[in-house]
Structures are given as structure tokens and as C-alpha cells.
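In: I would like the atomic coordinates for the input below:
(4 chains)
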Protein chains: 4
Amino acid sequence: MEKMLATVFHGENNIQVEEVPRPHAGPGEAVIKITLTTICGTDLHIVRGEYPVKPGLIIGHEPVGVIEELGAGITGYKVGERVLVGAITPCGQCRACLSGQHSQCGHGGEGLEALGGWRFGNTINGAQAEYLLVPSAQANMAKIPDDLTDEQVVLLADIASTGFGGAESGQIRIGDTVVVFAQGPIGLCATAGAKLMGASLIIGVDGDDNRLKMSRRMGADVVLDFRYTDVVSEIKRLTGGGADVTIEALGTQPTFENALRSLRPGGTLSSLGVYSGKLQMPYDAFSAGLGDNKIVMTLCPGGKERMRRMMSMVQSGRFDPTPLLTHTFSLQEIQKGYDIFGSRADNVLKVAIKP
Amino acid sequence: MEKMLATVFHGENNIQVEEVPRPHAGPGEAVIKITLTTICGTDLHIVRGEYPVKPGLIIGHEPVGVIEELGAGITGYKVGERVLVGAITPCGQCRACLSGQHSQCGHGGEGLEALGGWRFGNTINGAQAEYLLVPSAQANMAKIPDDLTDEQVVLLADIASTGFGGAESGQIRIGDTVVVFAQGPIGLCATAGAKLMGASLIIGVDGDDNRLKMSRRMGADVVLDFRYTDVVSEIKRLTGGGADVTIEALGTQPTFENALRSLRPGGTLSSLGVYSGKLQMPYDAFSAGLGDNKIVMTLCPGGKERMRRMMSMVQSGRFDPTPLLTHTFSLQEIQKGYDIFGSRADNVLKVAIKP
Amino acid sequence: MEKMLATVFHGENNIQVEEVPRPHAGPGEAVIKITLTTICGTDLHIVRGEYPVKPGLIIGHEPVGVIEELGAGITGYKVGERVLVGAITPCGQCRACLSGQHSQCGHGGEGLEALGGWRFGNTINGAQAEYLLVPSAQANMAKIPDDLTDEQVVLLADIASTGFGGAESGQIRIGDTVVVFAQGPIGLCATAGAKLMGASLIIGVDGDDNRLKMSRRMGADVVLDFRYTDVVSEIKRLTGGGADVTIEALGTQPTFENALRSLRPGGTLSSLGVYSGKLQMPYDAFSAGLGDNKIVMTLCPGGKERMRRMMSMVQSGRFDPTPLLTHTFSLQEIQKGYDIFGSRADNVLKVAIKP
Amino acid sequence: MEKMLATVFHGENNIQVEEVPRPHAGPGEAVIKITLTTICGTDLHIVRGEYPVKPGLIIGHEPVGVIEELGAGITGYKVGERVLVGAITPCGQCRACLSGQHSQCGHGGEGLEALGGWRFGNTINGAQAEYLLVPSAQANMAKIPDDLTDEQVVLLADIASTGFGGAESGQIRIGDTVVVFAQGPIGLCATAGAKLMGASLIIGVDGDDNRLKMSRRMGADVVLDFRYTDVVSEIKRLTGGGADVTIEALGTQPTFENALRSLRPGGTLSSLGVYSGKLQMPYDAFSAGLGDNKIVMTLCPGGKERMRRMMSMVQSGRFDPTPLLTHTFSLQEIQKGYDIFGSRADNVLKVAIKP
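Out: Got it, this is the predicted structure:
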């Protein structure tokens, strides 16, 4: 049986790069040979035991690769083509997908499954490996234009699609004021997304000098350091009473609550964070429910059409994600990547892995 | 100086029907002679000291009347015409109004004011009186068609507009499953609104036999009594995994939390309640923020065009609010009305007041 | 080789019920045994040579049946289950489908194809036969609840989905005035859809007594006979200046032009008709382009989730399509069905075919 | 009686700069002293007798000025403040305005009036004068920030608001391909608007070298000269089958028809042009009505909040309209401005007038 190298989760703080069987493609599936992937904040949660997955699972969910095998029923692709696959892999054919909610995919059925579109490195084997089995491959393999490198597209699979998704779900309009709370990789992409949608004023909030600097580079007009600034009152001053849209890109009580308190009456909070425990909404933070506010939550949009659109923005020069890719390691050295990424050492933003 | 009778708030649990000066119309204003008004749940909060207003204020905000005076600049109206005025009186000319958020009206200016459209019995004198000064009268007086009685339209000013607004903000589509939590006057109107928008299954939730019976009359296909039923699991069973839209019509932790837990992935919670204290959102109730859910909040839509549209639904026989008007008192007897309404005695739903 | 009976198009005014090979299911496909289908106006166009299809094609596109074969990769279904398949069969996995435009399906690819979702009886064999090959079966077979008969669901496949689609694309809101031009099967369903979405006044227009009578039954408040009435001026009178939404359900110059002329400033024309030749838009009919009007066009929405939703409306008693099914013939007698349907004899609305 | 200089229309090709009475402010009105205004293409139509207005009318509708008089009921403004007033002056208080369709304003009433929001130089005296009476002044005077010059804001009143409106009505999304037909002042602003909303590819079409050059400067990635190029087929090639959104910015049969033919299935045509005569829609240009296309038409959005938002885009450096302001004349010399603008001499784009 053919083997491949893969990053396998064996329990809390225990991942190993080891030999495992190579996958093969059944009907509607494909196998790609990974040429570039990354480590995501969610992978850290998994490794630390904060998000439960089954021991034995290969982790990772941001794959760029070359088609190796095509299962029955897949048409229009050839072995050897270079493809980007989103972190979320909707089937396109279930109740949720046919309703336009591809991230909540029910895998062909009429049932409902929260987060069902996130499968790689969660419920099926993921991308930190030499080969990857792609489910619903017809819906999920986006051909990469020749003029784009792997490095230019790998961050589109998750963080850029999520970040832009936060701006899109906030329905930012020309002339809106927007605040993005937390300037990690997703927040930075949300900042870029707000700029692309025509915000007139973008405020980036974080407590890390390097990230605030990158925030400006990604489109923020003003950056606020929460270590030294009363963020909510400064936002109210800058926006003349509250922002049209605030984007939460971390998943904590303070960022969520500040995002709520920074809204103008009628404003929208677009939430991207992953929360734990009991989130509090003090009644005075949202006008006791009478402020005509909206809270919208977005999981990363996926599917090949989303990836095609994201790549078109890089091709046209509208968006350049490469400054966020600060480090690269081989698959064998992936533990080093986890160490640097986990400790936020060396001004790391995103770590790429090259099998 | 001319006098009139009015219900004046003098402090906690202290309202008096007493003589006060009659108002007169300045530029852009009008005075109407009240022919019918009501007591609202919000008035109860005010009288009990739970919502602060200034002592000396006339309360009430659901006015039907006859035009008595027209200020400078008001055109197209005549003294003697019968009009309905919404509980919310947008100016139409400020930043919020020109952005379409009339309930958050800033009274002509470029500033932002939460709930700014709610003025009657809150920041200016209200409707439980013989005469009422109407601000921004050009935008707020809706002529009542001859074939409609005062009783048919008075509930459109607030509860029906709010209830329908909850259904509308939920963006209910043909074939949606909808749950309405709490079947008080506003929840009952939200139930009727869900029916009007094409929901395929409407579930009304309450713990009061009379209200559950009225819920069926207003359009619920199924009613659930929270005293005897595990509401969330029954909703999941009836909807095949969660409702498309849930409407919260009370403003408490249990109703809000259940409304969140009853959603399908990607579903929308439309909130009408007035909350106090710290509202909790347990992370497991909303997929840790990753379920593509929306929470939308709505204050009562107002303005003369809204009132015209609401009246057109009564005229065409699509909606009949009169079953909700269970009691009527004169202005002098208004304390009796407050007593019955406050104690929920005699299967009361809404109390009308006739000056 | 197994054979089956089918209605084959052989050229202008030449269809034959004859023996042809039975289809079998490849990967991603299924075969159903047809238990009920219909004749559609589009089939008439095909038979008359007005819409070109290849000779040798089996026509028809409104199938109800029982699963006979399941191809590789289809999950969650069993042979013998009763299913409804929409007239439009999106793949769910192409560029158009992943963008939410399932009717313009590109069959898995990244290309664009107008009307690509309409395949049955157009580009592949259709439903007027004993057996039907269903493409992208995972996305298109909707299980029929036990409490619904074939007769209750067969019209949902096309005309009801199209008619409701016209109301939905018009974004009808509670309190809107709506006019539906032409009260054939699709126009009648658009009328029902307008009622379901909360229109306050629905005006049905036609020139056939039987259809005007059915229009009232389906929800019209007022019907106008264009033979005796100046339709546009009467609509302007009834709506106080123009309708919020007009629905065109025929595809001719007079109905389109009247639908445009009947709009209020800012109103929406929702077009369902199939046009030929040069459609004219006189500049005075749409305020020279400055009236903030919209024209939206809708092909029939398909896919199993659409069918599930449509069936839920019948199950809940909100919508009953059976009065539209006026005649039934066996497959062998299908020519009789075409004759009656084509000549509009015997107050025919829709003709069912039972293989 | 005080006099002022004004440009008065006296009949076809006959305008005179002459002395007329100065206006004074009634309730709800204001008078501003004009400091900068412009000549618009619509003014040319009026002067040439192609658009009918009453002889004796002062024309012009793009005013920047200083408040001279405030009528009864106007609050929050002071004489001497510098303000921008949109070309469209909604009242904010009529049926259309309260429905969010401010350009179709009915001036306070419940009636409907196409283009009712366009009053200056159409139904009331306009801006090519020393003083201007502003109706519904509370809704229409936007204070100009100190850091913006008159020249930076004057084009926001009409052409930039209209051009951006075309992009907004097209609901351009991140990654869309957009074509703008005609690169006159409005088309150029639509091009800039498409860029601001995140289009990945913008194609500008015109037949004038100078305008094509400016098109690139305003954001077009590709420009097509219709004199030398088969525009539709080149667009199909560049977009891989048709554009997501096409914007028509002229008002002629060829530009409209090409905009329709250049759409992908499901695409949107956003129309800004003013049409005359019978516009033709060949059925093959829009898939016989079955392509799920939309046609949306937009008159210039107005009101002080729109103007505030437009100015915020200039302040933040997102948009610079000044390259479009190619010529300036005094009010006395306005005939020269009309001559140059009307003959398109000297690479003119927009002409400013300084009273």
C-alpha cells in the first residue's frame, strides 16, 4: 500500500509527522498532491485540546496542490492541473447548500448540520500532508491561473475568504465607517475587505505594534492600541457617534462587547470570532434591544466559485495577501512552525508548509 | 389659557388625570384632538419606575384623533380630518431618517440618537390626553379611510407595526418555519405577520391558555405551552432540526436564549423585546459564532406611509386587530385600565382609552 | 435491451408515443419510474416548432415518480421512494449554482450557460415517458411526504415554482399593491404567491372568463378583463397612481408594456414571460429611465430544497394547486391532451399525464 | 426689491443672464448665496428644447453656497455656513421619501410623482444664479467640512452621486466584472464607483480618446474604443462569457442594447441614461426573458445625508472628482461655458460657474 507523510493529531499537544496510507478517490471525489498549505489558528486550538477532534486525524485545511486522481463523475478536470481548494468544502447539493448557506453543508442530505461545510482537519483528514482527498470535488477544486503562484493563493482558502466575508456580511456601503477589532490574519483581511467595499474610514484595533503597522498597510486609516486608548470613546469621537459597521475578529468578551458599544444606532456588528463560554450582552450596549442593530455571524465562505473570485482579486492587483505569509517550513519541520505560530514569536502572521 | 385633561406621570406608581395647558402648533407641527388611544406595556414600565421619564410628562403613544390645528409649513391637510399617528414619529429629514432608519431619528440634525424616533410619552408629551402636539406632522399624520373605525386602526400605531416589523426584519420567505416566543399583543401581531409573509409552519409559544388560544386565531399552526413542554426540543422535532426564523417578543433571558437555541444553522433571530441587565449568549446556543446566524433587532416602524400601509391591510381584510382590543375605559377611568392591564386580569390583551 | 414508452418529438407538429430504450443511471444520476407528469405551454411551443429541440428528443419536464435506479455516489435515497423533481435540475456544483443562480446552471463547470438548468425535454430526454434519467440526482430528487398525493405536487415542479418565483423576485412586501398580467397557470400561481407574501391588493388581468374566475379563487381581490377595460388607467385609479409590483406572465408586447405603464415610480416589474422578436420599451412608459424602476426576470427555480419548500406549503394548507389540474390522460392518449391544451378547449388549465 | 443675476431660460437656444428678484425663505426653506455651480448635460437638453421647462425659469441644479436666510422651522444651521445641496431635493416626509425612494419625492403628500425629487431648474428656479431658494432645507443642506474646497464638492451634487448610484444599484460585489458604457462625466463616476465597491475587472467603453484616458484614471482596467472594437464580443472574451454588471451611462439604443448583450446569465444591467423614443430589447439579447437578469434604473440620489457620505469619500482621499472639472467661467460668461460644453470642445468634461 502506498504511503505518504502527514501531520497526525494524537491528543493534547501531541502531533506527529508520520507515514500513513495514501488516499484514493471514490465517486465524486479527487486526490490532490499538496504543494503548499498553512497552519491556522484553529489548528492551534485543536493541538492544544481546546477544540475536539478524533485522535488519528490528519489536520490542516488550507490546501494548494496538483490533481493526482479523479473519481467517477468528475468532469472538466485533468490530472496534473493546479488547484486551490477552500477550507470549507460544500457539496452544493444538500438542503443548506441549495439554500445558499454552503458553510452549513449537510453533505447531500435534507438534514441540517452546523458548520457542516468545515470537514478538512475536523471530521475528515486534512491538508498538512503529502496528499489530500477532496470531497465533492466538482464543487471545490478551483483551477489556479498560470500567472499566480502558490504563495499568492494559499491564504485565500481560509483567512482571506473569512475576512472578506466579515466585510461582506456587514454589508459595508460606500461611505461607511468601519472598525475591525483584532488585527490578526483574519482581522487584517477584514480590514482589506472593508477598504475594497468602499468604507470611507477604517479603524483597526489591536494591542500589538507589528499588527497595527500591518493594519495600516492593509487599509486602516486609523489604528487604535487598546493598551493605551479608551477604544470605544475614541471610536465614537472619530465616527461622530458610532460606526456603521464593526467587525469582531477574535472571539472574546471584550472585543465583542466593544464592537457592540462602538456601533451607531442602526449599525451592524459582523462577527467572525469563535467564542467559548457565556458571551454577555449588557443591555446598555445595544440600546436594550431597541436600536435597530444587527449581529451577523460568518463562517468562511468556500467552494470553487468563491476561490475563483478571490483569485481574480489577486490577479487584478486589488489585493495582495503575501505580506501576511511571514514564515515557511517543510512538512517535516512543521512542529517548528507550530511553535513559532503558537508563541507569536518573530512577528509571525501566517506560516506556510511545503510538503 | 385653555386647559385639557391628561394622564401625568408624577413618579413611581403615581399617575394623575389632571388639567394641564392645551398645546398649540408651531412650524411643522400639528395638534390633534384624541378620539382613541391605548395603554401599552411600555407605559406600565414607566409607571412602575422601570423606565425613566421626567415627572410632569403626559404618557401614552398610540394616538387616533382629529386635526385641530396646523402649524406653518404643513400642507395637504385640513382641520377636522381624522388621522392615525404612529408611536414613532420620524422627522424624515435627519441623518438617520435619510438613511432609512426612521426609528433612530435625530430630529433634523446630523447627529445620532438611539430610539430618537420614540418621542410621545418618552421625551415629549404623549397621547393619554384630550389633545396631542404632533412633531414633524407632515411626515406623521396618516389620513384614516372612511371605511375604517378608530378601533380598527388604533393598534396599528404600535403593536401591529412592531409585530409585523419583527416578521419583516426576520425576512421571512415563502416556506419558512417560524417560531414566535411570547404571545402578548406584540407577539400575536408577529404571529399574524409571519402568516402574511408566507411561513409554512408557525409555532406560537407562551404559558397562558388565553394567549395560546388567541395565537391560533392570529395564525399559529401549533402552539407550545412552556409550562408543560420542552420547547426547544419540540421545535427541533417539528421543524426537522431548527426553525428558519425565531421571533423574540418579550425581552427576557429564557425567551431570548430559547429563540437562539431553536434556530437552524444559518437561521435568523428577530428580536422585539426590551431587555434589561446582562443578556447571556451561551456559546453552544449559537455554534460558537460559526453558524452563519443573524440577530436583528427592531423598534416599531413609524411615519405616515407605514401607517397607510398598515391600514391598507385592515381595509383589504388581510388583518383584523380588533380581537386584541379587549377593554375600553374613559380617560377619567384610566387608572382602572392600568390596574387590569398591569395585573393581566380578565384575559386582558389591550386596553383602549376614549377621552 | 429493455424498452419503454415515451413521447418523442419528430419535427413540427409531429410527436409520437413509441418504444425507446430505457435509460440507466451513471455516476451522480438516478432513474425514476414516472407516475404523473403534465403538458406545459413550453411543450406546445416545441411541438409547434416555435422553440427548437432536436428531433428524437423525449419531451416534458414536470416529473413525479418512484426511484428505480441509483447511480454511483448517490446517498440517502432508496429504490422505491416517491420523489418530485423540479423542471429545472441544477447541478449545485458549477459557477452559476455556487453563485446562487441555479437556473443558469453550467453542469459542473466554470463556464456560463443561459437557461442551463432547464435540461428535461430541452437538451436531454424528458418526462413524458415511463422512465426518466435524472441528472445531478443528489441535488434534484425531493422525497414526497406520505400525506401528499402525486396530483397535489406535480404542478409544483414548474408552474407553481415559476409563479411564486415571480412574486418573490418582485420582492413583494406586506401592504404592496400587485398586478398580475395574464391568468394562465403560471399567472394564477403568481397571483397565489402575491397573496402568500402579504400584498394588500391583488389585481388579476386576463380576457377569459374562466381564468378571471380562477384568478379570484387564487387570491385576486379585483379582476380586470382587458376586452372591456382600459387596464392601465383602471390600475392607476385602484392603486392611487401605480402598483408597487407588476408581474408579467405571458411574454407579449402588450402585457409587458402595460406592466411597465402600470408601475408607480420606483416600482418593480417582475417578468415571467418568454418573449420573441423585439420587445419595445417606449420611453414614456418608464419615465425615460429616471423612475428608479426595476425589471427582474425569473426562470423557474428548481432543486430538491425548492421542491421541499413548495411541498411544505401544500402540506400546511397554505396553497392548493389541484384546482389548476383540470384534465388527465394516459401516456398513450397524450395527443388528446395536446389537442385540448393547445386549443384551450373545455376550460382547460393544466393537463396531467399518467404513464 | 432686491435683485440678483440669474441664467433664465426663454425658449429654445435662448438663455439670458439677467436681473431677477432675489428669493426669500418661507417655512421649511432657506436661501443660499451660490459660490460655485456647474453646467450639466441636462441643462443642454433644456436649452436645446429637448426637455421642456417653462420659459422664465432659472436653470441649473448643482449648488454650493453659503446660507443667507433660514425660514421658520429650520434648526441646527446658522447664516454664513457653507453648504452643499444635492441636485435632487427630497422632502423626506412624503409617501415616496418615507418608502426610501427619495428621488421620486411627492413633496409632502401621499401622492406619487415620477422624478419628483428633481426640482431645481426643472419645476422651480435653479442654481445658475447668485441666490437659490432651497426647498425642504432641513433635509437638503449638507455642511461642508472646512478642509474641502468648493471645487472638491460641487460635482458630488449630481454626477458623482448619480455615477456611484449606478454602481450601487448594480449591487457590485467583491470580485465582480463590470462594464461601463460611455465615459462622460457620469460614466466616469460610475467607473470610480465600481472600483470603490470591489470590482475585480472594470471595462470602460467610449469612442473618445480623451475620455478613454480619463476612464483609466478613474479606475478602468481595460478601455474599449467602440470605433475600432466589436465591443460585445471583446467583453465576452475578457469576462469569460459576460459581465456580472453592466452600467449604461448615456441613454441610447446602441449602448443599452450592448449593455444587455454583454451580461452573463443572471447578470444586472444598471441604467443611468435618459432615453427617448422607443427603446428596443431584442429577445435574443436577454435570453427571451429567461436569463434571470435584472435591469435597474437610478435617478441621482440626493438629500443631505447622501451629500455628507459623498464628501466623506473625498475627505478620506478615496475619491477625487477634481480632474473632471476642466473649465471655469463667471456667471456673466456662462454662454461661453454652454458653447464649449455643448460642442465638446477643448476636451471639456465639466464646466464650473462662479457667480
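
In: so who does residue A:34 touch?
Out: Counting by Cβ atoms under 8 Å, 6 or more residues apart in numbering or on different chains, residue A:34 touches A:63-65, A:127, A:129-132, A:355. All C-beta atoms are positioned from the backbone trio N, CA, C, and that covers glycine.

In: separation between it and residue A:305?
Out: The spacing between residue A:34 and residue A:305, counted by Cβ to Cβ, to the nearest Å, is 22 Å.

In: do residue A:110 as well
Out: 23 Å.

In: higher neighbour count, these two?
Out: More neighbours surround residue A:305 than the other of residue A:110 and residue A:305, with 25 against 17 (other Cβ atoms under 10 Å in any protein chain shown).

In: Against chain D, how distant is that one?
Out: 9 Å (Cβ to the nearest Cβ, to the nearest Å).

In: just residue A:129 next, same as before
Out: 30 Å.

In: That residue contacts residue A:6, doesn't it?
Out: Yes - shown here, residue A:129 and residue A:6 form a contact pair, counting by Cβ atoms under 8 Å, at 3.4 Å.

In: Domain map for chain A?
Out: A:3-158+A:300-354, A:163-297 (automatic domain parsing).

In: Residue A:127: what's it in contact with?
Out: Going by Cβ under 8 Å, 6+ apart, residue A:127 touches A:34, A:37, A:58, A:60-63, A:85, A:120-121.

In: what's the neighbour count on the closest residue in space to residue A:54 that isn't next to it in sequence?
Out: Distances taken as Cβ to Cβ, 6 or more residues apart in numbering or on different chains place residue A:9 nearest to residue A:54, at 8.0 Å, with adjacent residues excluded. For residue A:9, the count of nearby residues is 22 (other Cβ under 10 Å).

In: Residue A:101 too?
Out: 24.

In: element containing the closest residue to it other than its chain neighbours, please.
Out: Closest residue to residue A:101 apart from its sequence neighbours, by Cβ to Cβ, 6+ apart: residue B:266 at 3.9 Å. Residue B:266 belongs to strand B:263-271 when assigned by DSSP states H and E.

In: now the residue in the stretch 151-300 of chain A that chain D sits nearest to, nearest residue through space, not along the chain?
Out: Using Cβ to the nearest Cβ, the single residue of the stretch 151-300 of chain A nearest to chain D is residue A:175, 3.3 Å away. The shortest distance from residue A:175 to any non-neighbouring residue, by Cβ to Cβ, 6+ apart, is to residue D:309 (3.3 Å).

In: Equivalent analysis for residue A:279, please.
Out: Nearest to residue A:279 is residue B:281, by Cβ to Cβ, 6+ apart, at 4.2 Å.

In: is it true that that neighbour lies in a strand?
Out: Yes - when classified by DSSP: H, G, I helix; E, B strand; the rest coil, residue B:281 is found to be part of a strand.

In: count of residues packed around residue A:150?
Out: Other residues lying near residue A:150 total 17 when counted by other Cβ under 10 Å.

In: so it makes contact with residue A:64?
Out: Yes - with contact defined as Cβ under 8 Å, residue A:150 reaches residue A:64; the gap is 4.7 Å.

In: anything in contact with each of those two?
Out: A:35-36, A:82, A:144.

In: Identify the residues contacting residue A:36.
Out: Here residue A:36 is in contact with A:64-65, A:150-151, A:154, A:352-354 (criterion: Cβ under 8 Å, 6+ apart).

In: Quickly list what it is bridged to.
Out: residue A:64 (DSSP bridges).

In: do you know how far it is from chain D?
Out: Applying Cβ to the nearest Cβ, the value for residue A:36 to chain D is 22 Å.

In: Same check on residue A:139?
Out: 18 Å.

In: re earlier: and the gap between the residue of the stretch 151-300 of chain A closest to chain D and residue C:242?
Out: Per Cβ to Cβ, residue A:175 is found 31 Å from residue C:242.

In: Likewise for residue A:274?
Out: 50 Å.

In: Give the pairing partners of the worst-scoring helix or strand of chain A on mean pLDDT; include direction for each.
Out: Using mean pLDDT, DSSP states H and E, the weakest-scoring helix or strand in chain A turns out to be strand A:278-282, at a mean of 92. According to DSSP bridges, strand A:278-282 forms sheet pairs with strand B:278-282 (antiparallel).
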